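Chemist: This is a predicted model, with the sequence first.
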Amino acid sequence: MTALDGDPARRGTARVVSSIEAALWRRRALGDDDRAAEQLLRAMRTVKSARFNAAERLERKNTLSLFAMSMVSLYFVGLSVWQAIYAPLIGDAGSRLITLVSIMSSIFTLVLALIEAMNDYRMKAYHMHACALAVNELCQELSLARPCDPLVVQEFRRRYNAIVRGCPFNHARVDYLMARAERGVPLATKAWARLRYACDVYALYGLCLLIPPLVLLLCR
């Protein structure tokens with residue numbers, strides 16, 4: 001028999017110390033679970049914003065693609081009709097220039113049609129929007145529940161991963177940068193994200209629309 005076993009005061013002190021240590025351990029464990037839930041919530045919000053941005057970007061690219069394809073086709077048809085009607089009034093140099101621009105317009109039309117067929121922007125936008133809605137619903141559920149049980153947090157994580165894996169497409173880097181730009185980030189980061197977004201959405205179609213008339217105007 002030890003001195004601790006024979007002393008009631010010491011036994012009481014030992015029990016108090018043990019209970020305090022157990023309480024601290026439980027509080028630490030709950031804090032870890034709170035941090036895990038908060039990290040999962042932040043990840044959900046980022047992916048939700050990125051995929052909403054991706055859906056909007058793809059819808060814009062689909063609209064711009066159809067508009068650019070129609071306009072470039074109009075360039076080709078219009079120049080061909082103009083060349084046929086005013087052929088006697090156009091010199092050899094002007095006729096060759098119109099033919100060159102017409103060929104460029106037809107090539108741009110073909111390129112835009114191939115890009116549209118390969119990417120299928122509308123279908124990708126649909127899947128991105130559906131995935132973002134599902135992640136947003138789960139994010140709201142987790143935000144209201146605020147679970148402390150690690151098993152519950154893991155279940156939310158499993159459902160989140162299932163939603164993300166269920167989408168056949170992934171968002172692009174520019175969509176993630178735009179999602180970050182919606183938060184409190186430096187102005188330079190926001191400007192860089194918006195510049196990349198504008199280049200991704202508008203650059204190709206802007207070039208296809210501007211190059212034929214610029215060549216026609218500069219080389220006349």
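Modeler: Now that the structure is in, tell me what you want to look at.
Chemist: Report the buried residues of stretch 160-167.
Modeler: 160, 163-164, 167 (16 or more other C-beta atoms under 10 Å). Bear in mind the C-beta positions are built from the backbone N, C-alpha and C, glycine included.
Chemist: just the helices in the chain please.
Modeler: Using DSSP state H, the helices of the chain run over residues 3-6, 8-85, 92-119, 121-145, 150-166, 173-181, 187-218.
Chemist: Just put those helices in JSON lines and tack on mean pLDDT.
Modeler: Listed next are these as JSON lines, based on pLDDT from 0 to 100:
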{"stretch": "helix 3-6", "mean pLDDT": "48"}
{"stretch": "helix 8-85", "mean pLDDT": "76"}
{"stretch": "helix 92-119", "mean pLDDT": "86"}
{"stretch": "helix 121-145", "mean pLDDT": "94"}
{"stretch": "helix 150-166", "mean pLDDT": "92"}
{"stretch": "helix 173-181", "mean pLDDT": "92"}
{"stretch": "helix 187-218", "mean pLDDT": "90"}
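Chemist: what's the most buried one of those helices?
Modeler: helix 173-181 (a mean of 19; mean count of other C-beta atoms under 10 Å).
Chemist: quick one: residue 106 and residue 76 touch, right?
Modeler: Yes: between residue 106 and residue 76 there is a contact under C-beta atoms under 8 Å: 5.0 Å.
Chemist: Residue 69: what's it in contact with?
Modeler: With contact set as C-beta atoms under 8 Å, 6 or more residues apart in numbering, residue 69 has these partners: 109, 112-113, 116.
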